[in-house]
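*Asks:* return atomic coordinates for the entry below.
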Amino acid sequence: MRAEPATATAVHDPDATPPALLEVEGLTKYFDAGGGLFGRGARQVRAVDGVSFSLRRGATLGLVGESGSGKSTTARLVLRLLEPSSGRVSFDGVDVTTCTRREMARLRRRMQVVFQDPYGSLDPRMNALAAIGEPLVVHRMARGRDLRVRVAELLERVGLRPADMWKYPHQFSGGQAQRVSIARALATDPELIICDEAVSALDASIQAQILNLLRRLQSELGLSYLFIAHDLNVVRYMSDELCVMYMGRIVERGDADRVLRDPVHPYTRMLVAAIPSLERPGGGRCGRPVLRGEVSSPLDPPSGCRFHPRCPDAVERCRHEDPAPRPVAVGRIAACHLHPAGPDEPHPDEPQTDEPHTDEEVAS
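*Replies:* This next block holds a predicted model:
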């Protein structure tokens, strides 16, 4: 056993919060949209505009919002598949935005992604053995017989048979193809997996199977997930913490159950109100107002709060002053002028009355 360095103040606290695996600070991405004479006055699409969050080891952070809110662009910036306009992404203490190509190649063994469409992300000319084995070959982790043994193990881990390694994507159902994608993401023993709408293209019953598989893998392997989805029921089932995005910004952040049970920002309240429920008469929506109007153009975002053209409670201040994210409760942050700062709430570490989820549960 390796001896730990002796220090007078080093005391292990079993109740201490685990350190963040991923930290994002002030992340922005602007795309040039052209226009203007000789490039003068060219406009920019503000796809991601000042996003900040952190993800603890072994936890799941959900990103939700309407299409075009910047969720997938944020994921690609985290993986540095896109170069950020500004801001910082730190993975296990390493600044991803300043890494060289060689350093990024080493980091990508530890960060993987599962995309929405398994048929689009799998090469139709490659069987499962080649698809799952490719990252093992690229990172020089296995070859030959060892490669086939490793692929067989990964297939069994995601609920498929070793013999399935000889099948091509068109020979799998949608759920099976997504399991192959998950096996490929697991091949390099990552610590972080980004699930970008990973179940939205699947039938409801298959969604539940894939979600339970992801939770089981997280429990067994200690994985951290950045989970992107537009279905709030799915996000509630999977996430420990939740970030709600609107027009490239995070408008509310906090414990997932609390955010969805008692939303603060008007946009979050309207998203929650739009969830059909069997507990309401006729399966209808709750009494909160539902979303109205269209999302403003990211080429010309409104002044003040970006949500104010659709907000039923907007006041004059909302139209002219951009609200900064601020604490509205213990562990809760919202960007809204209408909510007072700092109401009392139980601390996130206090026992809750809600029953914890089990792997046998099926997301509704």
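*Asks:* any idea how far Cys243 is from Gly58?
*Replies:* Between Gly58 and Cys243 the computed distance is 18 Å (Cβ to Cβ, to the nearest Å). (Glycine included, C-beta is placed from N, CA and C.)
*Asks:* which one's more surrounded, the two?
*Replies:* Set Gly58 next to Cys243 and count neighbours by other Cβ atoms under 10 Å: Cys243 wins out with 27 against 16.
*Asks:* that one bridge partners, please.
*Replies:* Leu63, Arg253 (DSSP bridges).
*Asks:* could you list the buried residues of the one helix or strand in the chain whose mean pLDDT sits lowest?
*Replies:* The weakest-scoring helix or strand in the chain, judged by mean pLDDT, DSSP states H and E, is strand 326-329 (a mean of 86). Residues of strand 326-329 classed as buried by neighbour count (16 or more other Cβ atoms under 10 Å): Val328, Ala329.
*Asks:* that one pairs with which strands, parallel or anti?
*Replies:* strand 332-334 (antiparallel).
*Asks:* give me the distance between the nearest residue to Arg108 once chain neighbours are set aside and Leu107.
*Replies:* In space, and not counting its chain neighbours, Arg108 is closest to Leu79: 7.5 Å by Cβ to Cβ, 6 or more residues apart in numbering. As for Leu79, its distance to Leu107 is 9 Å (criterion: Cβ to Cβ).
*Asks:* between those two, which is the more surrounded one?
*Replies:* The residue with more neighbours, out of Leu79 and Leu107, is Leu79; 21 against 17, by other Cβ under 10 Å.
*Asks:* need the pLDDT of the more buried one.
*Replies:* pLDDT, Leu79: 93.
*Asks:* report all helices and strands that the longest helix seen in the chain contacts.
*Replies:* The longest helix of the chain (DSSP state H) is helix 204-221. Packed against helix 204-221 by the contact rule (3 or more Cβ pairs under 8 Å, 6 or more residues apart in numbering; DSSP states H and E) you find helix 174-186, strand 224-228, helix 232-238.
*Asks:* which one of the ones you listed has the lowest average pLDDT?
*Replies:* Looking at the helices and strands packed on helix 204-221, the bottom one is helix 232-238 with a mean of 92.
*Asks:* list of residues touching that helix?
*Replies:* Contacts to helix 232-238, defined as Cβ atoms under 8 Å, 6 or more residues apart in numbering, come from residues 60, 62, 64, 199, 207, 211, 214-215, 225, 227, 229, 242, 256-257, 260, 271-272, 275, 357, 361, 363-364.
*Asks:* these two touch, right, Asn127 and His170?
*Replies:* No: Asn127 sits out of contact with His170 when judged by Cβ atoms under 8 Å, with a separation of 10.7 Å.
*Asks:* and these two? which has more neighbours close in?
*Replies:* Taking neighbours as other Cβ under 10 Å, Asn127 and His170 compare with Asn127 leading, 18 against 9.
*Asks:* what about the residue nearest to Asp300 when sequence neighbours are not counted, neighbour count?
*Replies:* What sits nearest to Asp300 in space, not counting adjacent residues and going by Cβ to Cβ, 6+ apart, is Arg43, at 7.6 Å. Per other Cβ under 10 Å, the neighbour tally for Arg43 reads 16.
*Asks:* where does this protein have low pLDDT?
*Replies:* Scanning the chain for pLDDT under 70 picks out 1-18, 34-42, 277-294, 340-364.
*Asks:* could I get the full set of helices for it?
*Replies:* In the chain, helices defined by DSSP H lie at 71-78, 101-107, 118-121, 128-138, 144-157, 174-186, 204-221, 232-238, 256-261, 266-273, 316-320, listed in chain order.
*Asks:* kindly reformat those helices as a markdown table containing distance to Pro19.
*Replies:* Formatted as a markdown table, the helices of the chain follow (distance: least, Cβ to Cβ, whole Å):
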| stretch | distance to Pro19 |
| --- | --- |
| helix 71-78 | 17 |
| helix 101-107 | 17 |
| helix 118-121 | 31 |
| helix 128-138 | 27 |
| helix 144-157 | 27 |
| helix 174-186 | 23 |
| helix 204-221 | 18 |
| helix 232-238 | 22 |
| helix 256-261 | 20 |
| helix 266-273 | 28 |
| helix 316-320 | 37 |
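*Asks:* ok, Gln44 - contacts?
*Replies:* Tyr30, Phe31, Asp32, Ala33, Leu299.
*Asks:* repeat that for Ser54.
*Replies:* Ser54 neighbours (Cβ under 8 Å, 6+ apart): Ala20, Leu22, Glu23, Val24.
*Asks:* out of those, flag the one nearest to Gly144.
*Replies:* Leu22 (34.6 Å; Cβ to Cβ).
*Asks:* who's the closest one bridged to?
*Replies:* Under the criterion used (DSSP bridges), Leu22 bridges to Leu55, Phe91.
*Asks:* how close does the nearest residue to Gly175 once chain neighbours are set aside sit to Ala198?
*Replies:* For Gly175, ignoring the flanking residues on the chain, the nearest one in space by Cβ to Cβ, 6+ apart is Ile206 at 3.9 Å. Distance, Ile206 to Ala198, by Cβ to Cβ: 12 Å.
*Asks:* which one of the two has more residues nearby?
*Replies:* Shown here are Ile206 and Ala198; by other Cβ under 10 Å, Ala198 has more neighbours (29 against 17).
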